[in-house]
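Asker: for reference, the sequence and a predicted model appear below.
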Amino acid sequence: MAVVTFTKRQVVDMIPEFLTRRLATFGPKSKARAAELGISENALGQVNNVLVLRDGDVVKRSTYVFRSPYAVKRPLLEKGWTEIVAAGLASATADGWRVSPRALEIASDMSRRIRDHVRGLPFPAEPTKRAAKALWALAERVPASAVRTAQAKRVAPGPDEPASDAITLTRASQILWGFRDDCHIAAWQAAGYDGPTFEVLSFVWAGPGDISHTKLPAVGSIDALEKALAPRQDRADVERNVDALAKKGDLARDGDSIRITPQGQKTRDAIEADTDRRYFAIWDLDDAATARLGDDLRAVIDALPKA
């Protein structure tokens, strides 16, 4: 049997893969609960996220921008909140929404349902236990100054819920993936980019080949960019950001065709390296321990059911 050695970057690439896989079969339960409440699954998901995003009983639009500063538009967000308000679960404010006590009850209940679902999955016992211990130790090293990560820590099991390595692994993964966002956003902001323009650069960028789940497509045309970024940018936004990057010297454009320049490649590579520098400052696992963690995460992911 071939020996697989995982690097730190490959282990981190498995974190969002694990977070996605653990919910691969949750869809029917989410759909049924949304139907009970008379709202869409999109709206129910936004109610559930209130636990992470709220400031008291208010959720601000600016919080969404802070957490994910890449979008020019957020149509599903606005549509979901329109539903939530119409259902009597929130009221609109000048910069967001004030949620009702009932909405908070639904959010807490939904989070518990998700944890119950995860506990019921066929997690391999020993790999899950080892991976949970290793990732939780790393999660505890995340600095308090990482604000997006602090938000991810808000949702925790209740004192009446059973202990679970699967839930510990989930929470550690959420914290560590939030910290990756904190580090990455800080890195490209330090390089002088705004979110939407930087996302265009990233989608044209030929990234390193040591990751697979989160690897970007390196598109080569405006049409392909428009399709990839449709949920977050309109065609006019894409055109404007491409032109800004071409003027900066990061991209070259010939009609519909676009390519990254050597300067753009060097700059985007440097931002990735800066992200790693910031992120792995908390990583106290040696190469052997990192490889074992990779083996365990791979075993966990492969054991979980697919959609």
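Answerer: Structure's in. What do you need?

Asker: quick check: Thr170 touching Arg22?
Answerer: Yes: if you go by Cβ atoms under 8 Å, Thr170 and Arg22 touch, sitting 6.4 Å apart. Where C-beta positions appear, they are placed from N, C-alpha and C, glycine not excepted.

Asker: what is in contact with these two at once?
Answerer: Taking Cβ atoms under 8 Å, 6 or more residues apart in numbering as the criterion, Thr170 and Arg22 both touch Val118.

Asker: neighbours of Thr149, how many?
Answerer: Using other Cβ atoms under 10 Å, Thr149 has 22 other residues around it.

Asker: and the next helix or strand past the longest helix along the chain?
Answerer: If you go by DSSP state H, the chain has its longest helix at helix 165-190. The C-terminal neighbour of helix 165-190 among helices and strands, as given by DSSP states H and E, is helix 195-204.

Asker: strands along this protein, start to end?
Answerer: 58-60, 90-93, 96-99, 251-254, 257-260 (DSSP state E).

Asker: quick check: buried residues in the shortest one?
Answerer: Of the residues in strand 58-60, those buried by neighbour count under the rule 16 or more other Cβ atoms under 10 Å are 58-60.

Asker: that one packs against which elements?
Answerer: strand 96-99 (3 or more Cβ pairs under 8 Å, 6 or more residues apart in numbering; DSSP states H and E).

Asker: pLDDT below threshold where in this protein?
Answerer: In the predicted model of the chain, residues 1-4 satisfy pLDDT under 70.

Asker: can you map out the helices along it?
Answerer: 8-21, 27-37, 41-53, 61-67, 75-86, 101-119, 125-139, 147-152, 165-190, 195-204, 222-228, 235-248, 262-279, 287-303.

Asker: returning to what we had before: can I get the buried residues of strand 58-60 in TSV with distance to Asn48?
Answerer: Shown next, in TSV, are the buried residues of strand 58-60 (distance: Cβ to Cβ, whole Å):
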residue	distance to Asn48
Val58	17
Val59	12
Lys60	17
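
Asker: and which of these is nearest Val99?
Answerer: Nearest to Val99, judged by Cβ to Cβ, of those is Val59 at 6.4 Å.

Asker: what sits against the closest one?
Answerer: By Cβ under 8 Å, 6+ apart, the neighbours of Val59 are 50, 53, 90, 96-97, 99.

Asker: buried among the residues you listed? Make that a ChimeraX selection.
Answerer: Remark: buried members of these, expressed as a ChimeraX selection using 16+ other Cβ under 10 Å:
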select :50,53,90,96,97,99
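
Asker: show me which pair in the contacts of Val59 is furthest apart.
Answerer: Leu53 and Ala90 (12.2 Å).

Asker: pull out the buried residues from stretch 15-29.
Answerer: 15, 17-18, 21-23.

Asker: what's the distance between it and the middle of its chain?
Answerer: 13 Å (Cα atoms, centre = their mean, to the nearest Å).

Asker: first-to-last residue distance for it?
Answerer: 23 Å (Cα to Cα, to the nearest Å).

Asker: before we move on, what about stretch 157-174?
Answerer: End residues of stretch 157-174 are separated by 14 Å (Cα to Cα).
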